[in-house]
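Asker: here is a sequence with its predicted model. Questions after.
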Amino acid sequence: MNQTASANNRQSSFLADLFNHPPAFLFFFWGELAERASYYGMRAILALYMVDVIGFTRGQSSMAMSMFIAACYFLPLVGGWLADRYFGKYRIIVGFSVPYILGHVILGIENVYFLVTALALLAMGSGVIKPNISTLMGLTYDQQRPGQDKLRSDAFALFYFAINVGAFASSFAMPLIRDRYGYAIAFLFPTILMVIAFAIFAAGKPFYAVEVIRRTPPPPSERREQLLVLSRLGAIFLVVAFFWSIFDQSASTWTLFARDHLDLKLFGQTIPADMIQSVNPLLIMILLPPITLLWRVLASLGLNLRATDKMMIGFVLTMVTMGIMTAAAMIATEEYKPSVVWQIVAYIIITTAEICISVTGLELAYVAAPRTMKSFVTACWLLTVFVGNLLNIPLTRMYDDVLPPAIFFGMLTLMMAVVSAVFAIVAAWFNRASARWEKEAQANSGLEAEIEKAVSEST
């Protein structure tokens, strides 16, 4: 009877929370879903577009993809700085949505100069907007639902779900639209989605948080604290960049390999090579709940894995992923193409690695950062994607132009073996240092309490 009552209470609490979100949440949710659908849909067919239409080699196409993704993850620093110091988050999002839409419009013009211009506009729009939507949502909850941390956490979980729904739907649909109507028509689909995203977000203006822009520079003490935090997290962030180097090749070298060297028949149907990218966001939605539950079950059994332990699992799984890609490339010949199932298995493993590294690492960055530096450290976490794709600029250029796929993927397997070993060393140092930092923080907290007590007694 008590268990039934408890279950009913939990259900009523969930329903009550569902209707307790501020009205602004619906605009954030649907706007983000449409924007991410436009971005991932465009990205899904971009690598093959540059090869088939623009005339790039496979290596040039892969390098261009790496440069574009790197720019998308460097410009959030610019977007955050402009919003915090000058214009506010809402104005930045609305203002940079215009070049974002324009980039989509001209991307389908089959000319290399229009391609470069379009990618610059798309990187500017996506990158500058990226850090401001989620922070504006968090600020809205802090102002309109103060103290309701669980409600805000639920909002961010639903926000993350919206991203993956949009990514899956558009990554699946875009290759089909391209195959039926051609690239020029296909690129109109993400254009329409971005216009919808812009209209939805702009319509929600009356419901968003009131922004206060701080135009004074941070004090020297805050700058020193930023450097201290980065010195503690920098080594982990640097190693994580190598994971993103591997992961973001799914839009370039993995797609080209699937098109040229894999049998794309699945359940009797031939699927477009670039459609396989839709497996990742689908797997995120499927795998995230059970993996999160697994961590809790292990903790209840006394095996409470640290953040670095989970990330170590992710690095090993990434190495295994590249081993599978290497094996598929080694058995591929001009007379024989391995099944696309090889790459689907690789996606399952690397998506599990993504959950272990990306989700856990973001939480680690948030927890390790002081209260006044959460946004700054989160922006630095996004820079790991930028650095990873910066590494890819010279690396992916070698794919098929310099090195055959088997040797290229084998090289990446060895790279991840070395990176995994390095991370084990970095993680051990970080865990020892974290214990020391916690003791120092407790000692400082006790000293501050004694000082406050002495001051209060003296007065």
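Answerer: Now that the structure is in, tell me what you want to look at.
Asker: what's the weakest-modelled helix or strand in this protein?
Answerer: helix 2-18 (a mean of 53; mean pLDDT, DSSP states H and E).
Asker: helix or strand next in line after that helix, which one?
Answerer: As assigned by DSSP states H and E, the chain's next helix or strand after helix 2-18 is helix 24-49.
Asker: tell me where the protein has strands.
Answerer: 265-266, 269-270 (DSSP state E).
Asker: mind putting these into CSV with mean neighbour count and distance to residue 240?
Answerer: Bear in mind the C-beta positions are built from the backbone N, C-alpha and C, glycine included. Below are the strands of the chain laid out as CSV (neighbours: other C-beta atoms under 10 Å; distance: least, C-beta to C-beta, whole Å):
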stretch, mean neighbour count, distance to residue 240
strand 265-266, 13, 32
strand 269-270, 8, 36
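Asker: the nearest residue to residue 117 once chain neighbours are set aside: neighbour count?
Answerer: Spatial nearest neighbour of residue 117, excluding adjacent residues (C-beta to C-beta, 6 or more residues apart in numbering): residue 106 at 6.4 Å. Residue 106 has 17 neighbours, counted by other C-beta atoms under 10 Å.
Asker: next one: the one 3 residues further on
Answerer: Residues contacting residue 109 under the criterion other C-beta under 10 Å number 13.
Asker: phi, psi of it?
Answerer: Torsion angles at residue 109 (phi, psi; degrees, to the nearest 10) stand at phi -80, psi 120.
Asker: show me the contacts for it.
Answerer: 118, 184 (C-beta atoms under 8 Å, 6 or more residues apart in numbering).
Asker: need the pLDDT of it.
Answerer: Residue 109 is assigned a predicted lDDT (pLDDT) of 91.
Asker: next one: the closest residue to residue 240 other than its chain neighbours from residue 209, what distance?
Answerer: The shortest distance from residue 240 to any residue other than its chain neighbours is 4.7 Å, reached at residue 384 (C-beta to C-beta, 6+ apart). Separation of residue 384 from residue 209 (C-beta to C-beta, to the nearest Å) stands at 28 Å.
Asker: tell me the spacing between the residue nearest to residue 42 when sequence neighbours are not counted and residue 125.
Answerer: Leaving out its chain neighbours, the residue that sits closest to residue 42 by C-beta to C-beta, 6+ apart is residue 190, at 4.4 Å. Per C-beta to C-beta, residue 190 is found 12 Å from residue 125.
Asker: same thing with residue 432?
Answerer: 43 Å.
Asker: so between the two, which is more surrounded?
Answerer: residue 125 (28 against 10).
Asker: which residues sit in contact with residue 278?
Answerer: Contacts of residue 278 (C-beta under 8 Å, 6+ apart): 44, 167, 168, 171, 172.
Asker: mind putting the residues you listed into CSV with neighbour count?
Answerer: CSV is the format used below for those (neighbours: other C-beta atoms under 10 Å):
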residue, neighbour count
44, 28
167, 25
168, 22
171, 25
172, 20
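Asker: ok, so of those, who is nearest residue 85?
Answerer: residue 167 (31.0 Å; C-beta to C-beta).
Asker: could you list every residue that touches that closest one?
Answerer: So residue 167 contacts 36, 37, 40, 278, 280, 281 (C-beta under 8 Å, 6+ apart).
Asker: I'd guessed the fifth one sits against residue 250; true?
Answerer: Yes - when contacts are counted by C-beta atoms under 8 Å, residue 280 is listed as touching residue 250 (6.7 Å).
Asker: rewinding a little: hmm, the residue nearest to residue 117 is touching residue 119, no?
Answerer: No - in this structure, residue 106 is not within contact of residue 119 by C-beta under 8 Å, at 10.0 Å.
Asker: tell me the contacts of the residue nearest to residue 246 when sequence neighbours are not counted?
Answerer: Among residues not flanking residue 246 along the chain, residue 318 sits closest, at 5.6 Å (C-beta to C-beta, 6+ apart). Applying C-beta under 8 Å, 6+ apart to residue 318 gives the contacts 243, 246, 247, 350, 353, 357, 416, 420.
Asker: among these, which are located in helices?
Answerer: Among the contacts of residue 318, DSSP state H puts 243, 246, 247, 350, 353, 416, 420 in helices.
Asker: give me the neighbour count for the first one.
Answerer: For residue 243, the neighbour count with other C-beta under 10 Å is 28.
Asker: circling back to that earlier point, closest to residue 93 out of the contacts of residue 167?
Answerer: Among those, and counting by C-beta to C-beta, the member closest to residue 93 is residue 36, at 13.8 Å.
Asker: measure the closest one to residue 370 for me?
Answerer: When residue 36 is compared with residue 370 (using C-beta to C-beta), they lie 30 Å apart.
Asker: okay, these two: which has more neighbours?
Answerer: Neighbour totals were compared for residue 36 and residue 370, and residue 36 leads with 24 against 13 (other C-beta under 10 Å).
Asker: ends of stretch 269-280, how far apart?
Answerer: The straight-line separation of the ends of stretch 269-280 (C-alpha to C-alpha, to the nearest Å) is 20 Å.
Asker: mind listing what the closest residue to residue 344 other than its chain neighbours touches?
Answerer: Of all residues not flanking residue 344 in the chain, residue 279 sits nearest, at 6.0 Å (C-beta to C-beta, 6+ apart). By C-beta under 8 Å, 6+ apart, the contact list for residue 279 reads 344, 347, 348, 351.
Asker: hmm, the first one is touching residue 277, no?
Answerer: Yep, that's residue 344 we're talking about. No - with contact defined as C-beta under 8 Å, residue 344 does not reach residue 277; the gap is 11.3 Å.
Asker: just checking, residue 58 touches residue 402?
Answerer: No - counting by C-beta under 8 Å, residue 58 sits too far from residue 402 to count as a contact (10.5 Å).
Asker: who's more crowded, these two?
Answerer: residue 58 (24 against 10).
Asker: so what's the more buried one closest to, chain neighbours aside?
Answerer: residue 400 (4.4 Å).
Asker: what does residue 244 give?
Answerer: The spatially closest residue to residue 244, leaving aside those adjacent along the chain, is residue 388, at 2.9 Å (C-beta to C-beta, 6+ apart).
Asker: returning to that earlier point: what about burial for the contacts of residue 279, which qualify?
Answerer: 347, 348, 351 (16 or more other C-beta atoms under 10 Å).
Asker: any chance of these in CSV, with distance to residue 53 too?
Answerer: Putting the buried ones among the contacts of residue 279 into CSV (distance: C-beta to C-beta, whole Å) gives the following:
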residue, distance to residue 53
347, 26
348, 31
351, 30
